[in-house]
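S.K.: I would like the atomic coordinates for the input below:
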Amino acid sequence: MKQMLAMFKLAWGKLRRFYYHKLNRSYIIKSKEKRHGECARCGTCCKLMFKCPFLDESQTPSLCKIHNTRPFNCRIFPVDRADIADKNLVDSSKKCGYYFESEKK
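M.R.: Residues are numbered from 1 along each chain as shown. Okay, here's the model as predicted:
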């Protein structure tokens with residue numbers, strides 16, 4: 001049951017990001033102004049619901065094989081705190097390198 005709830009939350013996150021990407025880019029722009037830090041290259045965000053086929057985990061830190069041409073949804077992640085919560089559902093042992101204005105690093 002707990003795993004099913006986590007999958008529902010991850011699916012909702014994908015729909016939410018799709019909505020922002022296609023219909024509400026102004027939210028992405030505003031949210032990006034509050035985002036600080038940089039990618040820790042843990043690869044966890046590349047495993048939300050399914051593992052991205054372009055994620056190379058053969059080295060540490062992980063590597064995106066198409067980093068220079070990656071899709072917009074990858075470039076905007078995390079849009080907001082909810083995305084970090086989604087990442088933590090998959091693996092909370094790795095801290096995201098990004099944080100938002102009112103969060104402490």
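S.K.: ok, residues contacting the helix or strand bottoming out on mean pLDDT in the chain?
M.R.: Across the helices and strands of the chain, mean pLDDT, DSSP states H and E gives its lowest value to helix 72-76, namely a mean of 86. Residues from elsewhere that reach helix 72-76 (CB atoms under 8 Å, 6 or more residues apart in numbering): 17, 18, 20, 21, 28, 32, 45, 46, 52, 64. Just so you know, the C-beta spots here come from the backbone N, C-alpha and C atoms, and that holds for glycine as well.
S.K.: ok but the second one is inside a helix, no?
M.R.: Put plainly, it is residue 18. Yes - per DSSP: H, G, I helix; E, B strand; the rest coil, residue 18 lies within a helix segment.
S.K.: so what's it up against?
M.R.: Residue 18 neighbours (CB under 8 Å, 6+ apart): residue 73.
S.K.: would you mind measuring from it to residue 79?
M.R.: 11 Å (CB to CB, to the nearest Å).
S.K.: also the third one?
M.R.: Counting by CB to CB, the gap between residue 20 and residue 79 amounts to 6 Å.
S.K.: overlap of the contact sets of those two?
M.R.: Shared contacts of residue 20 and residue 79, counting by CB under 8 Å, 6+ apart, come down to 27, 28.
S.K.: would you agree residue 36 falls within a strand?
M.R.: Yes - assessed by three-state DSSP, residue 36 belongs to a strand.
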